[in-house]
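Participant: output the structure for:
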Amino acid sequence: SKGKQILFKVLPDKYKRKVVKLEAGNYERFFPLSLPTNDYHVDFFPEGGNLLAGVLSKMAFKALNQLGLSEKISGVVRDETGKRVCCFETTHAGMGCFNWIPEAGKKYYAECISSAGVTRTFDLPVAQTETYSLRIVENRGVLAISLLTGKTESVTDKPFTLILHERGVPLLTHEMFPSTSLRIEKKAFSSGVLHCVLVSPVGKIVSERLVFVKNDDQINVQVTPDKGAYKQREKVCLSVLLQDTVGHPISGNFSVSVTDNADMLPDSSYTIYSSLLLSSDLRGYIENPGWYFQSDDRQHQEGLDLLMLTQGWRRYCMEEALMADYVEP
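Facilitator: So this is what the prediction gives:
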């Protein structure tokens, strides 16, 4: 029989698998596809989980290429008429953010371009009016936590509950009303990911925002050998002193790893600090988590907060869950 040619179009944004299965009667065969390696996808995350209409909102985003690694991009936000709203660009590890005031009933999209010149268009989340969200701003070691709403009608007179917990341990509960704020010093908490959860008057989780607390509360280690130099295979006795930041001794169970400098170099990308306090509380792959702790300057602080806004992003669809309206993964 004569051969026939079949043409079909593959969209990288919608086609996640790199293989096509051909079935013809009893015959079947898999054909691998060569998708472009310079393709990427951008996800957008409104702060607090919900995008509020008519309110100055922060939108974080993260761009990943087909290898799952960060992609450097820039872009423009436009409304449904094509009018330019704002522009944005990545600042670290494919992440960035921008502030804007979305209007109710309008659809927005983002025109993106990568450093390789590949252009992509992505729809932005729809702004909501009947919901609430948390906003957190850090200034000089103080967290300003605000409860925002996109409601156009009169808001409820019943208080919401703000719950702060760290590594599963509840630390604070506080009643909040819309358009009110709470100021807390970061030194009141230990270092790690702080979960800020907003619960409605009827007990539903409405919004959640993660913040990383980085204080000078780590242990100081002093290791003193009993000799200045040792012979081959000679016994080595080390005196280890552990103190807190104010010089008080610390007791507990600890582990020590000893290596030869000629055989193994210290790993600056993955450390005990970054694994226990950062990576274990976030989902997904984090590129070079040790980078966020190399400095306390503005660039590293903003990068750490972008990580909380993207890979630490949560949104709770309680109504859909209660109605068992699940989406098949």
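Participant: which stretches of the stretch 1-150 of the chain form strands?
Facilitator: Ranges of strands within the stretch 1-150 of the chain are 19-24, 27-32, 40-46, 57-65, 73-79, 84-89, 95-100, 108-114, 119-123, 132-139, 142-149, based on DSSP state E, counting those that start in this stretch.
Participant: quick one: which of those strands is nearest residue 202?
Facilitator: strand 132-139 (12.4 Å; Cβ to Cβ). Bear in mind the C-beta positions are built from the backbone N, C-alpha and C, glycine included.
Participant: so what strands line up beside the closest one?
Facilitator: Strand 132-139 has the following strand partners under DSSP bridges: strand 142-149 (antiparallel).
Participant: who's in contact with residue 215?
Facilitator: 186, 187, 189, 190, 191 (Cβ atoms under 8 Å, 6 or more residues apart in numbering).
Participant: how about 10 Å then?
Facilitator: 141, 185, 186, 187, 188, 189, 190, 191, 192, 245 (Cβ atoms under 10 Å, 6 or more residues apart in numbering).
Participant: pick the most buried one from the strands of the stretch 1-150 of the chain.
Facilitator: Compared across the strands of the stretch 1-150 of the chain, strand 57-65 shows the largest average neighbour count, a mean of 22 (mean count of other Cβ atoms under 10 Å).
Participant: which strands or helices does it pack on?
Facilitator: strand 40-46, strand 73-79, strand 84-89, strand 95-100, strand 108-114, strand 119-123, strand 132-139, helix 298-310 (3 or more Cβ pairs under 10 Å, 6 or more residues apart in numbering; DSSP states H and E).
Participant: and that strand, C-alpha only, in PDB?
Facilitator: What follows is strand 57-65 as a C-alpha-only set of coordinates in PDB (Å, rounded to 0.1, in the frame of the first residue of the first chain):
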ATOM      1  CA  SER A  57      -1.300  43.700  44.700                       C
ATOM      2  CA  LYS A  58       2.000  41.900  44.400                       C
ATOM      3  CA  MET A  59       2.400  39.300  41.800                       C
ATOM      4  CA  ALA A  60       5.400  37.000  41.900                       C
ATOM      5  CA  PHE A  61       6.400  34.800  39.000                       C
ATOM      6  CA  LYS A  62       8.900  32.000  38.200                       C
ATOM      7  CA  ALA A  63      10.200  31.000  34.800                       C
ATOM      8  CA  LEU A  64      11.500  27.400  34.200                       C
ATOM      9  CA  ASN A  65      12.900  25.900  31.100                       C
END
